Each structure stands twice: as C-alpha cells, then as structure tokens.
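[1] show me the folded form of this:
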Amino acid sequence: MRLFVLVGSLMLIFILMSEAAKPANWRWLWQLTPTETAPVDQNVDTRAPDQAGPATTEASNADSFTTPLVLPIAGTPANAENRDGSASPLIDATRLTEIQDDTVFQAREAEPWFYVLECLKRTSEAEVQANSVGRIGFAQLFQQTAELRGQVVEIHGSLRRIVEKQATQNQMGIDRYWQCWIKPEGATNSPVVVYCLDLPDGLTPAVEMQVPVTCFGVCYKRWPYQAQEEMILAPVLLAKTMQSQQNPSVAGRELPSRTTVLGMLVASATIALIVVVWVFKRG
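    Numbering: from 1, shown residues only. This is a model prediction of the structure:
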C-alpha cells in the first residue's frame, strides 16, 4: 500500500509539473479580469503596404474577397454631423484611390499609406482632433468604411494589444509605428486596428492588456485577418497617437518568463516530494 501511494504521488507530481509548464494556467496571477483571446494572424499576409511584396498564394486568395465576410455587429451607429462624404481637409481624397477594402495590404497601397502618415506626422494632435467628423460607433465604421475613408474619426474602447512594426525606408523619416488592437465600445469581439506613430507615455508593447483609450484616426480601409478558425474583417485607422484614460503603470500585464515558471515548478515539486516522503515514513 505504501509503495502504491508513493508511485501514485510521484505520478501526480509529474502531472502537476506538466500542467504548470503551460503559461495559460498561470494567467490568472497576472490579470484581474479575463480577456478575450488576442487576434492571431496565421494564414493571411499581415504586412503593411510598405512591406508587401509580390502576392503569394495566400494573399491572392485573400484579395479575392469581394463580399464582406460575416461579422457580428453590435452597438448603435453614431451620427457624424460634420460628415459630408468628402475626405478631411487634412487628406487629399484623390491620393487614396488605390486603397481597396476587404483585401490584405497590397504593395500599391504603400503610397497612400505613407501619404496619410506624413500628413499626421506634420499635423499637431490638437489639429487632428479639430478635424474629426465626430464620435463613430463600430457598426458605422465597419459598414461605411469607403464613405469615411480619409476622414478623421473618434473611437472609444479598450486597448488590448500593442505590436511594434518597423517601416521600410521612406522619405518621410518614419522608421516605425505601432499596431494597436482596440476593442471598441459596443462590439463584443470585433476589433479596430490602429497604426499609431506615437504611443502615450507609459504604454509599451504587450500582447495582453486592458486600457481605456480614445483615438482620433484617419479611416484607411477594411482589412481581413485570421482569428482562430475564421477570417474576420476589421476597420483600420492611421493615427498620430491616442489618449490613455488609465494609469499606464497598471495597464499591461505580461506573462512570467520561463525562468520564473521553472522556479515555480522546482519549488512545487520539492514541496510535493517532501510531503510524499513524510507520508511514506509515517506509514
């Protein structure tokens, strides 16, 4: 019986070690509330227009999307009282004709991409906000991307992910920008992807975070990406920066390093082994 208990206890230790080695099982230690799975780009060409080369097989297939993909839409569209169907005074609409919705980023979109970024770079954030058509809901932004293209829109939501992106060589002196995934108000799991030239002070790249933000960005296109097992379309905005409504120091919570997890495993195994030996001797 004692031998059986010892062998069973050792097997239990190995099972616990195997489960403890999975980072997902430790997430509850580093976040206060559960979050939705961050978007994962797998089979779609997710390079920005300035990085897009010759179309691959996957990119060609994605380019064939001419009908909007099925996407649950929640929330009430906001009214943009200043919207008149034309681009913002900051943007020349004739420079955006190469942009195509419901496709991956394409090489021919590099020129309008950098054109909009250049306009944002040379314009103050206060002026960008002054040219906004107003607060826009996700449904309106998603359904009227073409009509809103080139206009500055205001969105509110929760910043969930920041990824640093290196820009290709260009005459505007832009060396990098930040890909930000925002869960807008009123949209259950439907993100808005914002490319920012600058981040608010205190915010750094992170794969999981929850920070209330407000963003004034130029509506660029509707873009497909692979999320888990289905293709989803997301509005893309280009912005100078965004406004964080929460102390950034408590916003992002990254997963522990492998060294930390390994230390926890060793400590857990040691304690479990001591308990087993103690039980075995008392028996």
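[2] which helices and strands does the longest strand seen in the chain pack with?
    When the chain is parsed with DSSP state E, its longest strand is strand 211-227. If contacts are counted by 3 or more CB pairs under 8 Å, 6 or more residues apart in numbering; DSSP states H and E, strand 211-227 sits against helix 110-121, helix 125-130, helix 145-148, strand 152-166, strand 176-184, strand 192-196, strand 230-244. All C-beta atoms are positioned from the backbone trio N, CA, C, and that covers glycine.
[3] could you rerun that using 7 Å?
    With contacts taken as 3 or more CB pairs under 7 Å, 6 or more residues apart in numbering; DSSP states H and E, strand 211-227 sits against helix 110-121, helix 145-148, strand 152-166, strand 192-196, strand 230-244.
[4] and Thr204, which of those is closest to it?
    strand 152-166 (7.1 Å; CB to CB).
[5] contacts for the closest one, please.
    Residues outside strand 152-166 that contact it (CB atoms under 7 Å, 6 or more residues apart in numbering): 35, 38, 48, 88, 90, 128, 131-136, 141, 176-185, 192, 199, 203, 205-207, 209-219.
[6] for stretch 233-244, same thing?
    Residues outside stretch 233-244 that contact it (CB under 7 Å, 6+ apart) are 68-69, 71, 102, 116-117, 120, 123, 125, 128, 141-142, 145, 191-200, 203, 211, 213-225.
[7] what's the burial count for Glu229?
    Residues within reach of Glu229, counting by other CB atoms under 10 Å, total 6.
[8] so what pLDDT did it get?
    Glu229 carries a pLDDT value of 71.
[9] ok, now Ala48?
    On the pLDDT scale, Ala48 gets 67.
[10] mind listing the strands for the stretch 1-150 of the chain?
    Per DSSP state E, counting those that start in this stretch, the stretch 1-150 of the chain carries strands over the ranges 132-135.
[11] looking at the helices and strands packed on strand 211-227, which one is packed in the most?
    Comparing the helices and strands packed on strand 211-227 by mean neighbour count (mean count of other CB atoms under 10 Å), strand 192-196 comes out on top with a mean of 23.
[12] and that strand, which strands flank it?
    When sheet partners are counted by DSSP bridges, strand 192-196 sits next to strand 176-184 (antiparallel), strand 230-244 (parallel).
[13] mind splitting the protein into its structural domains?
    2-25+257-282, 33-250 (automatic domain parsing).
[14] surely Leu120 is in contact with Leu197?
    Yes: using CB atoms under 7 Å as the test, Leu120 is close enough to Leu197 to be in contact (6.1 Å).
[15] so what's the closest residue to Leu148 other than its chain neighbours bridging to?
    In space, and not counting its chain neighbours, Leu148 is closest to Cys219: 4.2 Å by CB to CB, 6 or more residues apart in numbering. Beta-bridge partners for Cys219, by DSSP bridges, are Leu237.
[16] can you verify Ile274 is assigned to a helix?
    Yes: judged by DSSP: H, G, I helix; E, B strand; the rest coil, Ile274 forms part of a helix.
[17] neighbours of Ile15, how many?
    Ile15 has 10 neighbouring residues, counting by other CB under 10 Å.
[18] OK, contacts around Arg176?
    164-167.
[19] can you check Cys215 too?
    Per CB under 7 Å, 6+ apart, neighbours of Cys215: 155, 182, 194, 237, 239, 242.
[20] buried stuff in stretch 203-219?
    Within stretch 203-219, the residues that count as buried by 16 or more other CB atoms under 10 Å are 203, 205-206, 208-211, 213, 215-219.
[21] quick one: which of those is nearest Lys281?
    Nearest member of the buried residues of stretch 203-219 to Lys281, counting by CB to CB, is Glu208, at 44.6 Å.
[22] for that closest one, give its distance to Val192.
    17 Å (CB to CB, to the nearest Å).
[23] all helices for the stretch 1-150 of the chain, in order.
    Using DSSP state H, counting those that start in this stretch, the helices of the stretch 1-150 of the chain run over 2-20, 57-63, 110-121, 125-130, 138-143, 145-148.
[24] rounded mean pLDDT for the third one, please.
    When pLDDT is averaged over helix 110-121, the result is 94.
[25] just the shortest one next, same as before
    What helix 145-148 shows for mean pLDDT is 95.
[26] quick one: list the elements packing against it.
    Using 3+ CB pairs under 7 Å, 6+ apart, helix 145-148 sits against strand 211-227.
[27] appreciated, that's everything.
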